[in-house]
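>>> just the structure for this:
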Amino acid sequence: MEKRGQITIFVIAAVLIVAIVGLFFLFRTGLLENLGVGGTSQGNVNAFLSSCIEDKTREGIKEISLRGGTLNPTLYTSFLFVSEGIQRNISYLCYTQNNFRPCTVQKPTLFIDVQQEIKDYIEEDLETCFSEMLSNFRDDGFEVNPSSTLDDFEIDLSLKKVILNTDSKVILEKSGETTTQENFEVIIPSRLYELLGIAQEVINQEAQFCYFEDTGFEITYPEFSVDKQILASGDFIYTLENKNTEEIFRFAVRSCSIPPGF
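Below is the predicted model of the structure:
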């Protein structure tokens, strides 16, 4: 039994030595790179794009969400948020010019509009990321086919995530082998989809009833909070928050307002 144990130990040690030597030569010859390990290798197109564009996308989501779904609102109220130390223009998602009258929904296609806003925000940066990626491929010894260009891309809002989809194609050649990669997808965890769904429900109820029952909503959906801040004009600024991720979506409503001094 003792001899068998010693033999087993020697066998394991031999296997480890062979494995270590093999990995050493793989690194020396660059074969790991060709297999898609590390750097901008053939297997890491999605990884490169994700790492390059994720921060910019998150930045866009935040800035757009803090302004009611658009960076440059045309119908808005300006408000100084003392706790944040900044004044922002907040878009009206439901608005009426007449006091005591229900508001009219201003963005019936809120989800589509926000998707387009995010797309516009990151478009230039995505093009830069794609160009840098191809340049890195060339530096790593790949020949990049001229048809490897960034085609149009889309932003899709989905449950618990924001998805960047593009049908672009990358064709690479190295050591006589050609590989083709296409249909790239970058997934960024986010609760924006759910926040927009709540915002849609708020403005629908404001348009119909001049009121949103936030207390009952928070009991039903404890993961989210709804803060309604009344302005001197009688308008409201809603701040919706996911408590777990601390993501917020903020917008203004003017509905059935009572004029100041009435």
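>>> for the rest of this, base every contact and every neighbour count on C-alpha atoms.
OK.
>>> ok, how many other residues are close to residue 139?
11 (other C-alpha atoms under 10 Å).
>>> typo on my end, it should be residue 119
19.
>>> nearest residue to it in space, please, no chain neighbours.
residue 155 (6.1 Å; C-alpha to C-alpha, 6 or more residues apart in numbering).
>>> same thing with residue 65?
Nearest to residue 65 is residue 249, by C-alpha to C-alpha, 6+ apart, at 4.7 Å.
>>> for residue 158, same thing?
Using C-alpha to C-alpha, 6+ apart, the nearest residue to residue 158 is residue 193, at 5.8 Å.
>>> so what's that neighbour up against?
111, 157, 158, 159, 160, 161, 162 (C-alpha atoms under 8 Å, 6 or more residues apart in numbering).
>>> now the phi/psi pair for it, please.
phi -60, psi -50 (degrees, to the nearest 10).
>>> would you mind measuring from it to residue 132?
Per C-alpha to C-alpha, to the nearest Å, residue 193 is found 31 Å from residue 132.
>>> need the contact list for residue 76.
Contacts of residue 76 by C-alpha under 8 Å, 6+ apart are 89, 90, 91, 92, 252.
>>> now residue 164
Neighbours of residue 164 in contact, by C-alpha under 8 Å, 6+ apart: 153, 154, 155, 156, 185, 186, 187.
>>> surely the second one and residue 119 touch.
What it means is residue 154. Yes: contact criterion C-alpha atoms under 8 Å: residue 154 and residue 119 qualify, at 6.9 Å.
>>> roughly how far apart are the residue nearest to residue 158 and residue 229?
Taking C-alpha to C-alpha, one finds residue 193 at 23 Å from residue 229.
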